[in-house]
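1. heads up, no residue letters with this:
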Ligand code: IPE
Ligand code: IPE
Ligand code: MG
């Protein structure tokens, strides 16, 4: 299946400064559901359409990497039924969507702890989707699952010790190369939905110089038009990286 909802790209987006890597904190599913008198889990289910539409929207304008925060290391604190739902839902989403994403040339990758809590069957599914799509080049869809920014840095430090790197050889490059996906450039743009103005342990190392865009839209209502608005906002910013000239 190809894009089920091809849409014209709005003129407000400049085609020559599309962010290479966009990262999204997909937040507000529970509130979306509760506002309609539904169970919180229905909101997670409704988030699937938002994710797929956002991925197609990103593909259409040439974004090269899209990282989405699907489950944090702190989300284990939720009621067991919701956690179980999220595990099954994410597994199902991969089963339902991996082939169409593969057909679009999307490489599916994962960022997060593998050896901690995630059921084996979910890991197997993740490996299958990653294996199927590993040679694709059009865009990387990186799913942050069982992901925590602090855990990622801890894991990188553990790796440094295992690699017996001496203290005088530890620099930013040594740490960066041991993050979950060192081949992905840092996100240019990080979007958070649902009107929450916080980072919630997402990409702590990688977002050092990302532009942040916050929107009130709840994740299940998010569509590519909202992505394009965030990108237009990003394009109005002046990135300085600590210097003065552009
Ligand atoms: C985001 O929606 C999805 C996950 C964290 C898995 P929430 O479930 O956090 O929804 P709210 O923030 O409670 O509305
Ligand atoms: C962040 O949202 C994690 C994901 C979107 C997966 P949360 O809803 O878990 O964050 P907090 O608890 O509001 O900070
Ligand atoms: Mg939330």
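-> Arrived safely. No experiment lies behind these values; they were computed from the predicted model shown. Numbers count the residues shown, from 1 in each chain. Ligands and ions are numbered 1, 2, ... in the order given.
2. my read: residue 155 touches residue 113, true?
-> Yes - counting by Cβ atoms under 8 Å, residue 155 touches residue 113, with 7.1 Å between them. All C-beta spots, glycine's among them, are computed from the backbone N, C-alpha and C.
3. how close does the residue located most distally from the centre of the chain sit to ligand 1?
-> In the chain, residue 168 marks the outermost C-alpha relative to the chain mean, sitting 33.4 Å out by Cα atoms, centre = their mean. Distance, residue 168 to ligand 1, using Cβ to the nearest ligand atom, to the nearest Å: 41 Å.
4. then residue 179?
-> 22 Å.
5. residue 103 now?
-> Taken as Cβ to the nearest ligand atom, the span from residue 103 to ligand 1 is 27 Å.
6. ok, now residue 32?
-> Per Cβ to the nearest ligand atom, residue 32 is found 7 Å from ligand 1.
7. check residue 57 too.
-> To ligand 1, residue 57 is 19 Å away according to Cβ to the nearest ligand atom.
8. over to residue 122?
-> Distance, residue 122 to ligand 1, using Cβ to the nearest ligand atom: 14 Å.
9. likewise residue 141?
-> 17 Å.
10. with residue 36 instead?
-> For residue 36, the distance to ligand 1 - Cβ to the nearest ligand atom - is 12 Å.
11. give the contact list for that residue.
-> Shown in contact with residue 36 (Cβ atoms under 8 Å, 6 or more residues apart in numbering): residue 42.
12. tell me the SS of the residue positioned nearest the centre of the chain?
-> Central residue check for the chain by Cα atoms, centre = their mean: the C-alpha nearest the mean position is that of residue 68, 1.6 Å away. Classification of residue 68 using DSSP: H, G, I helix; E, B strand; the rest coil returns strand.
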